[in-house]
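Asks: Based on what follows, work out the 3D shape:
(chains A and B)
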2 protein chains.
Amino acid sequence: MGKVFTDISISLDGFVAGPNPTLEEPLGEGGERLHDWVVKLETWKRRHGREGGETNPDSDVVEEAVAATGATVMGRNMFSGGFGTGPWEEDPNPDGWWGDDPPFKGPVFVITHHPRETLEKQGGTSFTFVTDGIESAVEQAKAAAGDKGVNVAGGAGVIQEALAAGLLDEMQIHFAPLLLGGGTPFFTDGEPSRLEPVRVLASPAVTHMKYRVLKD
Amino acid sequence: MGKVFTDISISLDGFVAGPNPTLEEPLGEGGERLHDWVVKLETWKRRHGREGGETNPDSDVVEEAVAATGATVMGRNMFSGGFGTGPWEEDPNPDGWWGDDPPFKGPVFVITHHPRETLEKQGGTSFTFVTDGIESAVEQAKAAAGDKGVNVAGGAGVIQEALAAGLLDEMQIHFAPLLLGGGTPFFTDGEPSRLEPVRVLASPAVTHMKYRVLKD
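Replies: Now for the predicted structure:
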């Protein structure tokens, strides 16, 4: 059975988004720069239906995560692109903001308070809505993933919840070389955990730090 | 002229000390583990007057920082070991908690509100008390350091102050493989900064990430 893991880009000062997010700048001031390293890659562009892009050691890290992913878990907020947390009929964007051919190319389990039917998209992506919490979402994702792993994609709150519940086997942090100075922190106060470094890879654009989460 | 730099051990979730510090456990719950990687090194033990210890790639990182240090800047709290911030005559430990032969082996500039004469210790360490702020302390340290650099040693607040004032040229973070889950954060809300990765070195015990602080 594959691992339950997360891959997240944060600033060196620990933020997943900068201060003062707006509709025009949903990642807050400077927050887009967290993803500068990935959006220029060929592998990212391809999965988002675009041409071109770079191939470099950072792409290998992304390809590895993609290859390891059999199913994805995310929060309602990540599905909706930050719009609406209430009932679906009040959501301005009930089909999510990931377009007709989302980059997930497989089953996605969305944690929500509001039940609805599974949403099938092009390219192999399906969104299944889970109303009984993160453990259930991860369990369903594991069953759907087969031999592959489960990627707990976000947002930060969902990842922290998975960590606190002891559901994460591995955590890979992509440290972008910047200080946002404020915004949405990735880590929130929680239980202490011991980690075992698995691998560190550095490029001029980002440092990838992969840890095994040790369970006492 | 040497650089103004800092070297600090933090948890992956960004804490320099764990929650609930006490006199017996001044680094808080679990906080001692931030320094597990360094206290076992021969170079650390030698500078603290002890025998034995390991020599490994982590020691090279420490030796490099030691060799680059011509003078040190610290806050009153770091000098006093967390005891007393009032007038010196009320301080339970006015000579500091670094012993008769402190590990600094050179001039140290202590930022305080309370003037006093320079304190000379064995082994080349002197503590000079600076009452007109961090810029003055760094300036005096630069003059004392000659061709070498200035190590802004801590605490976290003093390092953040130096960063915010644009005084830091380089920042090396030693990420310990653990989540403290709470405590004293290294980074506090501040100005955004761009960083340029200088070097990343990883061992099973710690990941050393050195950045140049870019000044716009």
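Asks: all strands of chain A, in order?
Replies: With DSSP state E as the definition, chain A shows strands at residue ranges A:4-11, A:15-17, A:69-75, A:107-111, A:119-120, A:126-130, A:149-154, A:170-176, A:178-179, A:184-185, A:193-202, A:207-214.
Asks: Would you give the sheet partners of the fifth one, along with the direction of each?
Replies: On the basis of DSSP bridges, the sheet neighbours of strand A:119-120 come out as strand A:126-130 (antiparallel).
Asks: picking that back up, format the strands of chain A as JSON lines; extra columns: mean neighbour count and mean pLDDT.
Replies: (Each C-beta comes from the backbone N, C-alpha and C, glycine too.) Conversion of these to JSON lines gives the following (neighbours: other Cβ atoms under 10 Å in any protein chain shown; pLDDT from 0 to 100):
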{"stretch": "strand A:4-11", "mean neighbour count": "22", "mean pLDDT": "98"}
{"stretch": "strand A:15-17", "mean neighbour count": "26", "mean pLDDT": "96"}
{"stretch": "strand A:69-75", "mean neighbour count": "24", "mean pLDDT": "98"}
{"stretch": "strand A:107-111", "mean neighbour count": "24", "mean pLDDT": "98"}
{"stretch": "strand A:119-120", "mean neighbour count": "14", "mean pLDDT": "97"}
{"stretch": "strand A:126-130", "mean neighbour count": "19", "mean pLDDT": "98"}
{"stretch": "strand A:149-154", "mean neighbour count": "24", "mean pLDDT": "97"}
{"stretch": "strand A:170-176", "mean neighbour count": "23", "mean pLDDT": "98"}
{"stretch": "strand A:178-179", "mean neighbour count": "23", "mean pLDDT": "96"}
{"stretch": "strand A:184-185", "mean neighbour count": "20", "mean pLDDT": "95"}
{"stretch": "strand A:193-202", "mean neighbour count": "17", "mean pLDDT": "95"}
{"stretch": "strand A:207-214", "mean neighbour count": "20", "mean pLDDT": "97"}
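Asks: Now tabulate the ones you listed in JSON lines and tack on distance to residue B:27.
Replies: Shown next, in JSON lines, are these (distance: least, Cβ to Cβ, whole Å):
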{"stretch": "strand A:4-11", "distance to residue B:27": "24"}
{"stretch": "strand A:15-17", "distance to residue B:27": "25"}
{"stretch": "strand A:69-75", "distance to residue B:27": "34"}
{"stretch": "strand A:107-111", "distance to residue B:27": "36"}
{"stretch": "strand A:119-120", "distance to residue B:27": "49"}
{"stretch": "strand A:126-130", "distance to residue B:27": "40"}
{"stretch": "strand A:149-154", "distance to residue B:27": "31"}
{"stretch": "strand A:170-176", "distance to residue B:27": "23"}
{"stretch": "strand A:178-179", "distance to residue B:27": "24"}
{"stretch": "strand A:184-185", "distance to residue B:27": "21"}
{"stretch": "strand A:193-202", "distance to residue B:27": "16"}
{"stretch": "strand A:207-214", "distance to residue B:27": "21"}
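Asks: between the ones you listed, which gets nearest to residue B:32?
Replies: Evaluated over these, closeness to residue B:32 peaks at strand A:193-202, with 13.5 Å, by Cβ to Cβ.
Asks: how far is that closest one from where the chain is centred?
Replies: From the chain centre to the centre of strand A:193-202 is a distance of 18 Å (Cα atoms, centre = their mean, to the nearest Å).
Asks: Give me the sheet partners of that strand and which way each runs.
Replies: In the sheet containing strand A:193-202, the strands it pairs with under DSSP bridges are strand A:207-214 (antiparallel), strand B:178-179 (antiparallel).
Asks: tilt between it and strand B:170-176?
Replies: Here strand A:193-202 points in a direction 130 degrees away from that of strand B:170-176 (axes from the mean of the first three to the mean of the last three Cα atoms, to 10 degrees).
Asks: Can you list the neighbours in contact with strand A:193-202?
Replies: Outside of strand A:193-202, the residues that reach it under the criterion Cβ atoms under 8 Å, 6 or more residues apart in numbering or on different chains are A:57, A:61, A:163, A:170-171, A:207-214, A:216, B:12, B:177-179, B:181, B:197, B:200, B:202, B:204, B:207, B:209.
Asks: Now do the contacts for the residue nearest the centre of chain A.
Replies: By Cα atoms, centre = their mean, chain A has its centre lying nearest to residue A:153, at 2.2 Å. For residue A:153, the contacting residues are A:6-7, A:72-74, A:78, taking Cβ under 8 Å, 6+ apart as the criterion.
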